[in-house]
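Asks: Predicted model follows, preceded by the sequence.
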Amino acid sequence: MVHALEEIRRLLKPAGVLIDIHPVAEGTPIEIHQAGRIELAGNLSVPQWCTDFEQADSALAEVIQRGLFAVERETVFDSVSHYDTAAELRTEQMEAVDKFARDARSADEGKPHVEALADRAEELMRAAGGGAELILRERAHISRLRPT
Amino acid sequence: MTIRSDPENNEARALSAMASVNGQDVLEIGCGDGRVTWLYADRAGRVTAIDPSAKQIAVARGQLPDRLRDRVEFHAIAFEDFAAASAASAFDMVILSWSLC
């Protein structure tokens, strides 16, 4: 990713700006909401994703340390996804595991965790009865960097 | 299937607070199906949005509204290939959109 950031710097005009948005390397809570009550089904934490997010942090730190970019502003926000059923969560997250896997082995490593979480969410949704909503709260880091 | 992604607009607010895209020449890397592109494209001068997934780019192109057709382009290409074919100092803003390159 360091090379990509060097290329981005080349593509930017001298007064240009880089906006980086990437997830924070921590578990993503999956919650069941119903009538003001919140129950935690678990935390989505695929090991390879956390490693990738940490590598993104390290690459940014390296280009800042080398003086290629300077951080002008940064914050975190929660990107919240709402699902009506656990099946929707299962399908979307299994696709994400495949999409972001480096290889077949890392995809295989992530899937049992997603399956277990989706099973637990399904159980809690069933127990909650009608009107329950499944919410995935993904924390992301956003920063504005200026080429220096 | 009903998945509502960020109906609270947390991401749009965070992006707006970070920088003004008004009239800017923007390169978005890792645009996927255009989910983030739609948050700012109306205000940008020109948008070049890229993603290596041809399937995702097809979805984005299919959702591109007529009013943005002359200002927004989607390309199915890896960033390293795009960068190799691009001139220096071409963009006012680059958005790394949930992309780890």
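Replies: The structure has been received and is ready for your questions.

Asks: Tell me how far the residue most central in space within chain A lies from chain B.
Replies: The centroid of chain A falls nearest to residue A:23 when counting by C-alpha atoms, centre = their mean (3.9 Å). Counting by C-beta to the nearest C-beta, to the nearest Å, the separation of residue A:23 from chain B is 7 Å. Yep, even glycine has a C-beta here, placed from its N, CA and C like the rest.

Asks: Now residue A:1. Nearest residue, chain neighbours left out?
Replies: Spatial nearest neighbour of residue A:1, chain neighbours left out: residue A:59 (3.8 Å); criterion: C-beta to C-beta, 6 or more residues apart in numbering or on different chains.

Asks: Can you name the residues that contact the one you found?
Replies: Counting by C-beta atoms under 8 Å, 6 or more residues apart in numbering or on different chains, residue A:59 touches A:1-2, A:4-5.

Asks: OK, now which residue of chain A is nearest to chain B?
Replies: For chain A and chain B, the shortest gap (C-beta to the nearest C-beta) falls at residue A:4, measuring 3.6 Å.

Asks: quick one: low-confidence parts of chain B?
Replies: Residues of chain B meeting the criterion pLDDT under 70: B:1, B:100-101.

Asks: How about the residues of it by chain A?
Replies: Counting by C-beta under 8 Å from any C-beta of the partner chain, chain B comes close to chain A at B:1-8, B:10-11, B:13-15, B:17-19, B:27, B:29, B:36, B:53, B:79-80, B:83, B:86, B:88-101.

Asks: Now a ChimeraX select for only the buried ones of the residues you listed.
Replies: Per 16 or more other C-beta atoms under 10 Å in any protein chain shown, the buried members of the residues of chain B next to chain A correspond to this ChimeraX selection:
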select /B:6,11,14,15,18,19,27,29,36,53,79,83,86,91,92,93,94,95,96,97,98,99,100,101
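
Asks: which residue ranges form the helices in chain A?
Replies: In chain A, the helices defined using DSSP state H lie at A:2-11, A:47-65, A:86-100, A:104-128.

Asks: The longest one to helix A:86-100, inter-axis angle?
Replies: What separates the directions of helix A:104-128 and helix A:86-100 is an angle of 170 degrees, with axes from the mean of the first three to the mean of the last three C-alpha atoms, to 10 degrees.

Asks: can you list contacts of helix A:104-128?
Replies: So helix A:104-128 is contacted by A:30, A:32, A:34, A:39, A:41-42, A:44-49, A:85-87, A:89-90, A:93-94, A:97-98, A:101, A:132, A:134 (C-beta under 8 Å, 6+ apart).

Asks: where's the residue nearest to residue A:1 relative to residue A:52, distance?
Replies: Distance, residue A:59 to residue A:52, by C-beta to C-beta, to the nearest Å: 11 Å.

Asks: ok, now residue B:65?
Replies: Going from residue B:65 to residue A:52 by C-beta to C-beta gives 33 Å.

Asks: Likewise for residue B:67?
Replies: Per C-beta to C-beta, residue B:67 is found 36 Å from residue A:52.

Asks: ok, those two, which is more surrounded?
Replies: residue A:52 (19 against 10; other C-beta atoms under 10 Å in any protein chain shown).

Asks: can you count the residues close to residue A:65?
Replies: Neighbourhood size, residue A:65 [other C-beta under 10 Å]: 9.

Asks: List the residues that contact it.
Replies: Residue A:65 neighbours (C-beta under 8 Å, 6+ apart): none.

Asks: same thing with the one 10 residues further on?
Replies: Contact partners of residue A:75, counting by C-beta under 8 Å, 6+ apart, are A:141-143, B:14, B:17-18.

Asks: ok, now residue B:33?
Replies: For residue B:33, the contact set (C-beta under 8 Å, 6+ apart) comprises B:56, B:59-60, B:63.

Asks: right, and residue B:47 touches residue B:29 too?
Replies: No - with contacts counted by C-beta atoms under 8 Å, residue B:47 stays clear of residue B:29, the gap being 11.8 Å.
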